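>>> just the structure for this:
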Amino acid sequence: MQNIVLIVHLLLALCLIGAVLLQRSEGGGLGMGGGGGVMSSRGAATALGKMTWGLAICFIGTSIALTIFAAENAAGVSVIDRLGIDAPAPADPAAPALPSGDDLLPPPVSGAPVAPPRAD
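Alright, predicted model coming up:
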């Protein structure tokens, strides 16, 4: 069932893109400059406009249906549980502390001058 809804959803998306591209442009962005504005009263909607609204409503409906299908399949299982990766082991409290600052430097090369430790 989910695959059927997904195929219908994809077909609706393609049809919606086509319907929007076929409509007559009315000027600049947000309807400015071509014939009224966003808030103006326009005449009766064209058949292509009505079809676009219908496709958009169906597209939203299939989006909601796919969301419901995904929520039912989730069932509280995380992605990591599905992969079968074990959780990392807790840190060993008896482990030695990491060295700090100067302890991480490599030993000096023979014959090279040794710099005194810095006082931070």
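>>> give the contact list for C15.
By C-beta atoms under 8 Å, 6 or more residues apart in numbering, the residues touching C15 are L55. Where you see a C-beta, it was placed from the backbone N, CA and C, and this is true even at glycine.
>>> which stretches of this structure have low pLDDT?
27-44, 75-77, 86-105, 108, 111-114, 120 (pLDDT under 70).
>>> determine the longest helix present in it.
helix 47-74 (DSSP state H).
>>> following element in sequence after that helix, please.
helix 79-83 (DSSP states H and E).
>>> just say helix, strand or coil for the residue nearest to L55 when sequence neighbours are not counted.
Leaving aside its chain neighbours, L55 sits nearest to L16 (4.5 Å; criterion: C-beta to C-beta, 6 or more residues apart in numbering). When classified by DSSP: H, G, I helix; E, B strand; the rest coil, L16 comes out as helix.
>>> any idea how many residues pack against L16?
L16 sits with 17 neighbouring residues when counted by other C-beta atoms under 10 Å.
>>> go on, T62?
18.
>>> how about the residue lying closest to Q23 once chain neighbours are set aside, what does it touch?
Distance criterion C-beta to C-beta, 6+ apart; nearest residue to Q23, sequence neighbours excluded, is L48 at 5.7 Å. Shown in contact with L48 (C-beta under 8 Å, 6+ apart): 19, 22-23.
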